[in-house]
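Novice: sequence? don't have it. structure:
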């Protein structure tokens, strides 16, 4: 098995072992890398908070099965080590998570169904979200905006729910543009039931995305956790209709927390379904938008200032557990022999001798008079 | 004739001699006081800019006739020297005018029809304005807001136009609360024709206000000039519906310029009559409001911080032309004899001797060893 596949399996394991957003586990993986994190979680050799998040499922070994099931669907697991990982959009989550916003933990990987590269899909995308119990007005607006944005090559993200979400996806599909649905359940959950054919159409022409392994049923908690991904994978979120308390306002709140643009559509003041939008605008949590031009102008203001994407991936994230341990045992200046490294890392000598040339090819180690040392 | 009546006549003359907002004349009156200003304008002895504003009408002597005509209607001329002058609300105009906003020149007086004191009417009042070509939605909202504000003892100001204005006045009248109409024509113009009975009802229960002398016909320019008074006499302006370019947006712009609160009501994004409101909110020129509670909260935020009213009236504004000249001839420290003052001011000695004790009673001069000097 290649190192790539080891890491993918590790992340598949980690995606199932804890219920997202699993902040302690995510921090642990950031610290140790996925392979080491998996080994330690599986062995119960991890900090208490990580154990709390993982204890119930740590003995499950479904990673290969999950990947096989996804493949059977035609889906794949995209991980931070992949070229198509949407590193820039998700960077906003990492920043907020680093500031201590536990709910902003970035995903450990994303199950993706559809042909387009995930990073391309999440490039300058816009989310259209809103109430399930939308009015005709709201659905009309969502469909118009979905159509207009997609027609102008702006990827349209939403949550595949009834009401506003569905109208936005349908509008984008009608324009033959791109749309992506981010789910709060496994890709194979067939939820919501009335949108199975819509989801199939989205898969055919866009992407369906989830951090939940195949077979995961939907749940209210999962929709809220999912909302952070809708906010993060896009540059801005448009709330088309929302009651006083709604998931759409939750998405908007997350978007604001992680520094994304929040927009809201006004409506008649007598409409309960516009109350949430009006409150967002009135409280200056959202910019009022009435058209696709407004949305592009609002998102564009920030997009124009966007610096070069920073890939937050560490050079060693792609390493398997043995290679990682060997790498950690290396010194930055003085060289060490293979025997010395085996003793320090606890990795068998034969494995150390196999790993070192591989690390050298990755540019992570270099040979010197005394043996091997870290490169760079 | 009493000094009061002299000043009132002077202001009646000045209100007719130039087309408001007449910034040069207003500044001249602020500098000289109304009586002196009148004399100089009438004589053509005034700065060039003042002459430009007044040359066409400076020979007209209609002040007494205007006051008599107003009285015949049951109306009166309220001037800055009156107790009921709304000095605090209009102070916002003076401040902006002092900053150089020529269109913000405060009125030289206001023709008022109705029983309530003008200063009480303009205490914590709210303006409701909007398009003449309003939709049913807009008229419904204007009537609801007019009703709700007046029922909570908030005076409702508007411009008596068709559409939003009329609906706001009618709503306020329906609640048996207070409403005031500010016109862009004389109180007797009977404009707009379809609102004559509405204006009569407003007069019976509220106030009808104009800076234009009796007989002045309406004009587009006058509506725009009038809008500054609607903005100034209230704490905040609510734009209920407005097209892309509209007088209501002009009122909102003036309100913002003079530091008043601007509010706007959202509506369906497809409605042309909500476009102006949405633009105001989107550009952060107005706060979105959806209810009477929202309006009171928005206006109240500022109202709560309101300092004690500062009456911008100068102590000498109430003086007749002779008393004013004598006062100007006085020194602040060293005393001057009556003969000296007569020589300096050009006022006959007998008149100087009559004026000085009157000024003393007003607390404006005091006796000293050398004669008389300014008090204070």
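Specialist: Received it, and whenever you're ready, just let me know what you need. Note that this is a predicted model, so its numbers are computed, not measured. Numbers count the residues shown, from 1 in each chain, chains lettered A, B, ... in the order given.
Novice: How about the host helix or strand of residue A:49, which residues are buried there?
Specialist: Secondary-structure assignment from DSSP states H and E places residue A:49 in helix A:48-54. Within helix A:48-54, the residues scored as buried using 16 or more other CB atoms under 10 Å in any protein chain shown are A:50-51, A:53-54. All C-beta spots, glycine's among them, are computed from the backbone N, C-alpha and C.
Novice: List just the nearest of those to chain B.
Specialist: Set against chain B, the nearest of these by CB to the nearest CB is residue A:53 (41.5 Å).
Novice: Leaving out chain neighbours, which residue sits closest to that closest one?
Specialist: Leaving aside its sequence neighbours, residue A:53 sits nearest to residue A:18 (CB to CB, 6 or more residues apart in numbering or on different chains; 4.3 Å).
Novice: That neighbour reaches residue A:52, doesn't it?
Specialist: No: Residue A:18 is beyond contact range of residue A:52, at 9.3 Å (criterion: CB atoms under 8 Å).
Novice: ok, now which ones touch the spatially most central residue of chain A?
Specialist: For chain A, the residue sitting closest to the mean C-alpha position, by CA atoms, centre = their mean, is residue A:107 at 4.5 Å. By CB atoms under 8 Å, 6 or more residues apart in numbering or on different chains, the contact set of residue A:107 is A:15, A:20-21, A:90, A:211, A:229.
Novice: so what's the closest residue to chain B within the stretch 151-300 of chain A scoring on pLDDT?
Specialist: Taking CB to the nearest CB, chain B has its nearest neighbour within the stretch 151-300 of chain A at residue A:266, 3.2 Å off. At residue A:266, the model reports a pLDDT of 98.
Novice: about what we covered before: elements contacting the helix holding residue A:49?
Specialist: Helix A:48-54 is packed against helix A:23-32, helix A:34-43, with contacts defined by 3 or more CB pairs under 8 Å, 6 or more residues apart in numbering or on different chains; DSSP states H and E.
Novice: tilt between the last one and helix A:23-32?
Specialist: Counting by axes from the mean of the first three to the mean of the last three CA atoms, to 10 degrees, helix A:34-43 points 130 degrees away from the direction of helix A:23-32.
Novice: dump the residue contacts of residue A:352.
Specialist: A:322, A:326, A:338, A:341-342, A:345.
Novice: The spatially closest residue to it that is not a sequence neighbour and chain B: what is the separation?
Specialist: Setting aside the residues directly before and after it, residue A:352 is nearest to residue A:342 in space (CB to CB, 6+ apart), at 4.6 Å. From residue A:342 across to chain B, the span is 65 Å (CB to the nearest CB, to the nearest Å).
Novice: quick one: secondary structure of residue A:342?
Specialist: When classified by DSSP: H, G, I helix; E, B strand; the rest coil, residue A:342 comes out as helix.
Novice: I'd guessed it sits against residue A:355; true?
Specialist: No: look at residue A:342 against residue A:355 with CB under 8 Å: they stay out of range, at 10.2 Å.
Novice: who's more crowded, these two?
Specialist: Per other CB atoms under 10 Å in any protein chain shown, whichever of residue A:342 and residue A:355 has more neighbours is residue A:355, with 24 against 19.
Novice: what helix or strand is that one on?
Specialist: Element membership for residue A:355 (DSSP H and E) is helix A:349-361.
Novice: Give me the local confidence score for residue A:256.
Specialist: 89.
Novice: correct me, but it touches residue A:284?
Specialist: No: using CB under 8 Å, residue A:256 is not in contact with residue A:284, being 10.2 Å away.
Novice: what residues does chain A put near chain B?
Specialist: Chain A comes close to chain B at residues A:137, A:141, A:265-269, A:274-275, A:278, A:281-282, A:287-291, A:294, as judged by CB under 8 Å from any CB of the partner chain.
Novice: which residues in the stretch 1-150 of chain A form helices?
Specialist: Taking DSSP state H, counting those that start in this stretch as the criterion, the stretch 1-150 of chain A contains helices spanning A:3-17, A:23-32, A:34-43, A:48-54, A:63-73, A:87-98, A:118-121, A:136-151.
Novice: Tabulate these (JSON lines), appending mean pLDDT.
Specialist: Output for those, formatted as JSON lines (pLDDT from 0 to 100):
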{"stretch": "helix A:3-17", "mean pLDDT": "94"}
{"stretch": "helix A:23-32", "mean pLDDT": "96"}
{"stretch": "helix A:34-43", "mean pLDDT": "96"}
{"stretch": "helix A:48-54", "mean pLDDT": "95"}
{"stretch": "helix A:63-73", "mean pLDDT": "97"}
{"stretch": "helix A:87-98", "mean pLDDT": "93"}
{"stretch": "helix A:118-121", "mean pLDDT": "96"}
{"stretch": "helix A:136-151", "mean pLDDT": "98"}
